[in-house]
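S.K.: just coords:
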């Protein structure tokens, strides 16, 4: 399952994108906790784009940003299985998105810290006119409850396996951020 959505460069787009993402993930049977995590990550990435970046350039429609998500098919197996990639594309800003360490009394600057905490990994790609900020989250579908007398199914794969890689093949510079607990495994 994947979706690409062009949205107005307006605060109301955060709610619209979050509703669409949650609806898609629930329809695919993703656990509610993972749906909530994905909604937070999308909200933070899109809010940052709307606050700090410009609209997408031509040939995109005027005054818009793009959000997309792709859910790896858990039944197909493979490296993308059970993972969700969320991306936000915009026309860029004077600076790249980066992790901030605000003071305790600071009113902002915590969004990418939240993304880093929730996502398995996140990063930024820049080409000459478009900035893409992406995050990859675990999003395995809910496992059915075992029937009485049957042992619960074990998750496939090894414990502590490295997260699925970010999609390759996009043009531009890739700047990646991996949480410290994931960097030791990668």
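M.R.: Structure's in. What do you need? Source: prediction; values computed, not measured.
S.K.: Okay, now the unreliable bits of this structure?
M.R.: Within the chain, the segments meeting pLDDT under 70 span 73-81, 97-111, 141-186.
S.K.: Tell me where it has helices.
M.R.: Applying DSSP state H to the chain gives helices spanning 12-27, 32-52, 111-118, 180-183.
S.K.: Take the ones you listed and write them to a markdown table, including mean neighbour count and distance to residue 67.
M.R.: No exception for glycine: its C-beta is placed from N, CA and C like everyone else's. Output for those, formatted as a markdown table (neighbours: other Cβ atoms under 10 Å; distance: least, Cβ to Cβ, whole Å):
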| stretch | mean neighbour count | distance to residue 67 |
| --- | --- | --- |
| helix 12-27 | 16 | 5 |
| helix 32-52 | 20 | 6 |
| helix 111-118 | 18 | 14 |
| helix 180-183 | 10 | 24 |
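S.K.: Could you provide those in TSV, with additional columns for distance to residue 131?
M.R.: Supplementary listing: those in TSV, determined by distance: least, Cβ to Cβ, whole Å:
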stretch	distance to residue 131
helix 12-27	16
helix 32-52	8
helix 111-118	14
helix 180-183	23
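S.K.: which residues touch stretch 90-97?
M.R.: By Cβ atoms under 8 Å, 6 or more residues apart in numbering, the surrounding residues in contact with stretch 90-97 are 9, 48-49, 52-57, 65-66, 112, 124, 126, 129-131, 133, 175.
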